[in-house]
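A.B. asks: Turn this into a model:
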Amino acid sequence: MSDMTFAKAINSGLRKAMERDPKVVLMGEDIGRLGGVFRITDGLQKDFGSHRVIDTPLAESGIMGTAIGMAFRGYRPVVEIQFDGFVYPAFDQIVAQVAKLHYRTRGAVKVPITLRLPFGGGIGSPEHHSESPEAYFAHTAGLRVVTPSNPQDAYTMIQEAIACDDPVVFLEPKRRYHDKGSVDEDLVPDSSALAMGSARVAAEGSDVTLVAYGPMVRICLDAAVAAADEGVSVEVIDLRSLSPVDYGPLERSVKKTGRLVVAHEASRTLGLGAELAAEITERCFYHLEHAPVRVTGFDVPYPPSKLEFHHLPDLDRVLDGVDRALDRPNSMSGTEEDA
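C.D. replies: Take a look at the predicted model:
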């Protein structure tokens with residue numbers, strides 16, 4: 001076991017994948033000599049050469065188009081988009097081409113492209129550098145969308161994404177890059193993609209089911225600890241895969257607790273939380289003791305700099321969501337004087 005940061009875990013996972021398969025090629029802006037703006041690919045061009053760690057022009061659509069051609073020729077391109085807000089010039093390539101080629105060719109053509117995309121807020125960035133575009137991709141048939149929440153999952157899931165024959169949007173919570181955790185580098189990833197596609201129970205509980213993914217999982221685990229001090233038992237589920245969603249652990253948990261809270265950074269309207277709430281309501285309607293509760297970002301663009309911390313759901317807002325699900329006094333219930 002090694003203690004490493006989230007960023008280092010991804011770097012180590014990329015290295016393992018490149019050592020295992022010579023067809024794995026990294027592409028992106030400044031990922032070679034610089035090692036990427038977040039230094040995720042630091043040292044890889046030196047060790048594997050500029051023909052496998054390729055510094056590309058500043059042209060996201062061109063990068064994705066090139067990756068498609070390489071995938072056709074049997075390579076496994078791993079494309080880095082510097083920031084979440086920079087992905088939109090490549091959106092046509094991803095949605096209109098990458099997601100459809102396997103279906104269009106009746107399975108004759110595989111498109112094993114991994115799109116690495118730093119996402120979410122928490123680093124005080126300006127416009128276009130902090131966004132949550134996950135719902136766009138999760139809504140697109142033909143794409144797998146996954147996001148790790150801790151260094152161990154970052155290490156294994158990046159390898160599973162690269163080994164998968166389907167195109168994978170690999171969302172990296174950028175405010176977690178410096179988080180540290182234990183990583184078992186001897187753990188052999190599951191190349192069937194079943195592991196990265198499975199949700200996990202991150203903390204067991206019996207009163208409320210709290211579902212999160214990526215950057216919000218750590219906050220929800222802190223909320224479970226804080227709620228326990230008040231005698232409330234919160235079960236935290238780390239979704240890991242946003243498309244497809246592994247509903248089994250969610251369904252079992254909600255049938256046990258009778259209450260669901262979903263937390264994510266993205267805007268509330270038509271976010272992942274709405275889909276999860278709707279699906280669990282259909283599956284667990286007669287087990288629910290309260291309507292599902294969403295704790296989300298607001299329906300505005302990510303505010304810049306320090307203002308974004310008013311936008312991002314924090315510990316207090318998650319705990320307030322738990323209180324709402326339990327019909328305890330909360331921000332929406334008002335005071336006795338209001339009543």
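A.B. asks: Identify the residue spatially nearest to residue 64, adjacent ones excluded.
C.D. replies: Once flanking residues are discounted, residue 64 sits nearest to residue 93: 3.8 Å by C-beta to C-beta, 6 or more residues apart in numbering. Quick note: C-beta positions are derived from backbone N, CA and C, even for glycine.
A.B. asks: In a helix, the one you found, correct?
C.D. replies: Yes: under DSSP: H, G, I helix; E, B strand; the rest coil, residue 93 sits within a helix.
A.B. asks: Which residues does the lengthiest helix in the chain contact?
C.D. replies: What stands out as the longest helix in the chain, according to DSSP state H, is helix 6-20. Residues outside helix 6-20 that contact it (C-beta atoms under 8 Å, 6 or more residues apart in numbering): 4, 24, 26, 38-44, 47-48, 52, 78, 116, 148, 150-152, 154-159, 162-163, 172-173, 176-181, 183, 185.
A.B. asks: Among those, name the ones in strands.
C.D. replies: Counted as lying in strands by DSSP state E, out of those, are 4, 24, 26, 78, 116, 172-173, 180-181, 183.
A.B. asks: Buried residues, the longest helix of the chain. List them.
C.D. replies: In terms of neighbour count (16 or more other C-beta atoms under 10 Å), helix 6-20 has its buried residues at 6-18.
A.B. asks: which one of those residues sits closest to residue 31?
C.D. replies: Nearest to residue 31 among the buried residues of helix 6-20: residue 14, at 10.0 Å, using C-beta to C-beta.
A.B. asks: Check the gap between that closest one and residue 35 for me.
C.D. replies: 11 Å (C-beta to C-beta, to the nearest Å).
A.B. asks: contacting residues around the closest residue to residue 171 other than its chain neighbours?
C.D. replies: Among residues not flanking residue 171 along the chain, residue 147 sits closest, at 3.9 Å (C-beta to C-beta, 6+ apart). By C-beta under 8 Å, 6+ apart, residue 147 lies in contact with 119, 134, 170-173, 213-214, 239-240, 242.
A.B. asks: if we go to 10 Å?
C.D. replies: 117, 119-120, 134, 153-154, 157, 169-173, 176, 196, 213-215, 217, 238-242 (C-beta atoms under 10 Å, 6 or more residues apart in numbering).
A.B. asks: Which of the residues you listed fall within helices?
C.D. replies: 134, 153-154, 157, 217.
A.B. asks: Would you write out the ChimeraX command that picks the buried residues out of the contacts of helix 6-20?
C.D. replies: In ChimeraX, a selection of the buried entries from the contacts of helix 6-20 looks like this (16+ other C-beta under 10 Å):
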select :4,24,26,38,40,41,44,48,52,78,116,148,150,151,152,154,155,156,157,158,159,162,163,172,173,176,177,179,181,183
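A.B. asks: which residues of the stretch 151-300 of the chain fall in strands?
C.D. replies: 168-173, 180-183, 200-203, 208-212, 234-238, 241-243, 260-267, 293-297 (DSSP state E, counting those that start in this stretch).
A.B. asks: tell me the angle of the fourth one relative to strand 234-238?
C.D. replies: The directions of strand 208-212 and strand 234-238 differ by 20 degrees, with axes from the mean of the first three to the mean of the last three C-alpha atoms, to 10 degrees as the criterion.
A.B. asks: Off-centre distance for strand 208-212?
C.D. replies: 16 Å (C-alpha atoms, centre = their mean, to the nearest Å).
A.B. asks: Closest one of the ones in helices among the contacts of residue 147 to residue 58?
C.D. replies: residue 134 (23.8 Å).
A.B. asks: Helix or strand with the lowest mean pLDDT in this protein?
C.D. replies: In the chain, no helix or strand scores lower on mean pLDDT, DSSP states H and E than helix 308-311, which sits at a mean of 89.
A.B. asks: residues of that one that come out buried?
C.D. replies: Buried residues in helix 308-311 (16+ other C-beta under 10 Å): 308, 311.
A.B. asks: For residue 335, give me the pLDDT.
C.D. replies: pLDDT, residue 335: 50.
A.B. asks: Over to residue 45?
C.D. replies: 97.
A.B. asks: go on, the one 10 residues further on?
C.D. replies: You'll see residue 55 listed with a pLDDT of 97.
A.B. asks: right, and it touches residue 44 too?
C.D. replies: No: judged on C-beta atoms under 10 Å, residue 55 makes no contact with residue 44 at a distance of 11.6 Å.
A.B. asks: Find residues that contact each of the two.
C.D. replies: 26, 31-32.
A.B. asks: Which one of those residues is nearest to residue 59?
C.D. replies: Nearest to residue 59 among the shared contacts of residue 55 and residue 44, with distances taken as C-beta to C-beta, is residue 31, at 14.2 Å.
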